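Chemist: what's the 3D shape of this:
(chains A and B)
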Amino acid sequence: QKEVEQNSGPLSVPEGAIASLNCTYSDRGSQSFFWYRQYSGKSPELIMSIYSNGDKEDGRFTAQLNKASQYVSLLIRDSQPSDSATYLCAVISGGSYIPTFGRGTSLIVHP
Amino acid sequence: DAGVTQSPTHLIKTRGQHVTLRCSPISGHKSVSWYQQVLGQGPQFIFQYYEKEERGRGNFPDRFSARQFPNYSSELNVNALLLGDSALYLCASSFGQGYSYEQYFGPGTRLTVT
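Modeler: Residues are numbered from 1 along each chain as shown, chains lettered A, B, ... in the order given. Predicted coordinates for the structure are as follows:
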């Protein structure tokens, strides 16, 4: 059973702070990693994808991948109340083209 | 450009009935995947189609079936509905099938079974 684990939260941060969201996965052969944002009552929206070890930055978002430790994280700089949402981690394991999703971490950014 | 579209937006059905959900992918995308999401959980994979062929099936009963049409749109069918089938059904499309192809979700269909 390939597992993707996320702390369900909620993670509460003040406006302007850095929010750090973490995800661990069980299959060492995993190839692709994705972060989605999901507002309450809406569908998931792709934020970032990352495929190799290291950091990948896109605006206020940075994805970090460490395959040796089997974790991927998402940093949100200068957090805004509009960032309040559930963040889903998805992982594609070796031998499959189908992503497995974690249950998501709820982020609350308070003014 | 239009994103992934799904219909209907909301649906209320009675136990034992049948339902058909529809999805149109982003123009140029050839792969469609279906997911079920219940409150507090991440999306659970149901089916994946690529070039009109089933390429993956999740751990769902045979009451669930799907198909992809020549124009790459897709239908998800659920027979003999149970209360536990109440969920948000999501369709996602991608350009192709592979490790690097990102999936983009439609708005979903909220199914309520009473």
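Chemist: show me the contacts for the nearest residue to residue A:67 once chain neighbours are set aside.
Modeler: Leaving aside its sequence neighbours, residue A:67 sits nearest to residue A:53 (CB to CB, 6 or more residues apart in numbering or on different chains; 5.5 Å). Quick note: C-beta positions are derived from backbone N, CA and C, even for glycine. Residue A:53 sits next to A:65-68 when contact means CB atoms under 8 Å, 6 or more residues apart in numbering or on different chains.
Chemist: are any of those buried, and which?
Modeler: A:65, A:67 (16 or more other CB atoms under 10 Å in any protein chain shown).
Chemist: From residue A:31, how far off is the closest residue to residue B:86 other than its chain neighbours?
Modeler: In this structure, residue B:86 finds its nearest non-sequential neighbour in residue B:113, 4.8 Å apart by CB to CB, 6+ apart. Separation of residue B:113 from residue A:31 (CB to CB, to the nearest Å): 36 Å.
Chemist: same thing with residue B:68?
Modeler: 24 Å.
Chemist: which one of these two has more residues nearby?
Modeler: residue B:68 (23 against 18; other CB atoms under 10 Å in any protein chain shown).
Chemist: for the more buried one, what are its contacts?
Modeler: Here residue B:68 is in contact with B:32, B:49, B:52-53, B:74 (criterion: CB under 8 Å, 6+ apart).
Chemist: go with 6 Å
Modeler: Contact partners of residue B:68, counting by CB atoms under 6 Å, 6 or more residues apart in numbering or on different chains, are B:32, B:49, B:52, B:74.
Chemist: residues contacting residue A:12?
Modeler: residue A:108.
Chemist: and it, what element?
Modeler: strand A:11-14 (DSSP states H and E).
Chemist: Report all helices and strands that the next helix or strand after that strand contacts.
Modeler: Counting by DSSP H and E, the next helix or strand C-terminal to strand A:11-14 is strand A:19-25. Counting contacts by 3 or more CB pairs under 6 Å, 6 or more residues apart in numbering or on different chains; DSSP states H and E, strand A:19-25 is packed against strand A:71-76, strand A:85-92.
Chemist: Let me know which of those strands is tucked in deepest.
Modeler: strand A:85-92 (a mean of 25; mean count of other CB atoms under 10 Å in any protein chain shown).
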